[in-house]
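In: predicted coordinates and the sequence they were generated for:
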Amino acid sequence: MGKNMINIALFGLGRIGQLHAKNLNNHPKINLKYIYDIDYDLSKKLSDKFKCLSIKNPKTALEDKNIDSIFIATSTPTHIKFITEAAKYKKVIFCEKPLDLDINKVNKCKKIIKRFKPKIQLGFNRRYDPGHNSLKLDLKNGKIGKLEKIIITSRDPAPPPVRLLKQSGTIFRDMMIHDFDLARFYLDKDEFDFVFATGSNISDKRFNKYNDFELATCVMKSKNGVQCVITNSRHCSFGYDQRVELFGSDGMIISDNKRELETKLFSKKSTNVNKPLMYFFIERYKEAYKLQLNDLVRLIKYNSKPLADFEDGRRSLILAENAIKSLRTKRFEKIKY
């Protein structure tokens with residue numbers, strides 16, 4: 001182990017947790033010291049793979065003075081508990097989105113941890129995507145003039161398993177929250193103050209059982225008048241559809257889909273035929289997850305502000321809450337942060 005390595009404890013070893021475990025283990029400046037999961041057999045198995053220690057009690061990591069950061073990738077209802085505990089132990093915190101499904105719990109947590117002044121990074125990985133992030137730089141450099149409209153398309157190739165669907169908090173808190181955050185990222189110091197949402201189930205009626213939607217669309221307006229349209233789908237026959245368009249007074253910039261091979265076929269039978277889209281978020285945002293870790297390293301070593309923090313997570317959840325409220329009232333909702 002090299003000198004000045006950052007010691008991290010990872011909590012949660014589900015699908016996203018195992019991705020983080022792999023990236024943490026491969027990072028040259030990070031030592032993944034502990035992993036914790038409610039399924040101890042799973043954590044023990046993965047501890048051998050990643051050459052780290054599996055612990056039965058998260059306090060083992062929290063009380064270890066050599067641990068620099070707690071990396072939270074557990075189920076959403078446990079996020080606030082672990083954030084609060086890690087803050088009390090003066091650990092730098094990384095937490096996956098969303099902060100919670102209940103904005104009241106998040107607001108209460110904000111008040112509790114304020115006195116500890118914790119350093120917190122939120123897992124909004126799309127901010128780190130080279131394509132999506134370059135739009136922010138182009139916007140800042142005035143390449144499209146004044147921002148006027150944001151259009152975000154996000155479609156998953158297939159719905160989540162039923163066990164996840166039951167606890168997702170609807171498409172707005174689970175899936176669209178990424179898009180709420182990305183839209184806020186482009187606004188910079190501006191904020192959205194009105195939101196209207198619609199949702200429906202056409203092809204997959206299972207969502208009705210959980211008061212959720214397979215299709216959702218959200219329209220928002222910022223205080224400066226910037227319009228935003230977000231469209232989500234829980235299924236997409238042609239792959240993982242991820243596109244962002246920024247329209248301004250002097251032009252437009254687009255961050256488009258990615259493919260494993262950026263080739264196009266021209267033949268007697270067809271023209272301009274592309275290879276299929278990348279299948280899911282792990283492949284599509286592979287580079288973003290790595291860049292996100294670099295940001296965590298800078299936060300720990302140099303106290304630099306992360307691209308996404310606790311307040312970004314809180315405000316994105318507020319947008320999701322108001323979108324859900326709009327479904328009930330069938331009108332635009334005024335947003336209060």
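Out: That came through fine.

In: just the element for the residue at the greatest distance from the centre of the chain, please.
Out: Most distant residue from the mean C-alpha position of the chain: Lys268, 43.1 Å away (Cα atoms, centre = their mean). Using DSSP states H and E, Lys268 falls within no helix or strand.

In: from Thr84, how far off is it?
Out: Lys268 sits 65 Å away from Thr84, going by Cβ to Cβ, to the nearest Å. (Each C-beta comes from the backbone N, C-alpha and C, glycine too.)

In: mind listing residues that contact stretch 112-120?
Out: Contacts to stretch 112-120, defined as Cβ atoms under 8 Å, 6 or more residues apart in numbering, come from residues 83-84, 86-88, 90-95, 299-300, 303, 306, 309-310.

In: and those residues, which of them are buried?
Out: Burial by neighbour count, judged by 16 or more other Cβ atoms under 10 Å, picks out 83-84, 86-87, 91-95, 299-300, 306, 309-310 from the contacts of stretch 112-120.

In: what's the end-to-end length of stretch 191-208?
Out: One end of stretch 191-208 to the other measures 32 Å (Cα to Cα, to the nearest Å).

In: in it, which residues are buried?
Out: Quick answer for stretch 191-208 (16+ other Cβ under 10 Å): Phe192, Asp193, Phe194, Val195, Phe196, Ala197, Gly199, Phe207.

In: just the CA atoms of the longest helix seen in the chain, as PDB, please.
Out: Counting residues, the longest helix in the chain under DSSP state H turns out to be helix 310-329. Only the C-alpha atoms of helix 310-329 are listed here, as PDB (Å, rounded to 0.1, in the frame of the first residue of the first chain):
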ATOM      1  CA  PHE A 310     -26.000  17.500   0.000                       C
ATOM      2  CA  GLU A 311     -28.000  20.700  -1.000                       C
ATOM      3  CA  ASP A 312     -28.000  19.500  -4.600                       C
ATOM      4  CA  GLY A 313     -29.600  16.300  -3.500                       C
ATOM      5  CA  ARG A 314     -32.100  18.100  -1.300                       C
ATOM      6  CA  ARG A 315     -33.200  20.500  -4.100                       C
ATOM      7  CA  SER A 316     -33.500  17.700  -6.700                       C
ATOM      8  CA  LEU A 317     -35.700  15.800  -4.300                       C
ATOM      9  CA  ILE A 318     -37.900  18.900  -3.800                       C
ATOM     10  CA  LEU A 319     -38.400  19.100  -7.600                       C
ATOM     11  CA  ALA A 320     -39.400  15.400  -7.500                       C
ATOM     12  CA  GLU A 321     -41.800  16.000  -4.700                       C
ATOM     13  CA  ASN A 322     -43.400  18.900  -6.500                       C
ATOM     14  CA  ALA A 323     -43.700  16.900  -9.700                       C
ATOM     15  CA  ILE A 324     -45.600  14.200  -7.800                       C
ATOM     16  CA  LYS A 325     -47.800  16.900  -6.300                       C
ATOM     17  CA  SER A 326     -48.500  18.300  -9.800                       C
ATOM     18  CA  LEU A 327     -49.800  14.800 -10.800                       C
ATOM     19  CA  ARG A 328     -52.500  15.100  -8.200                       C
ATOM     20  CA  THR A 329     -53.400  18.700  -8.700                       C
END
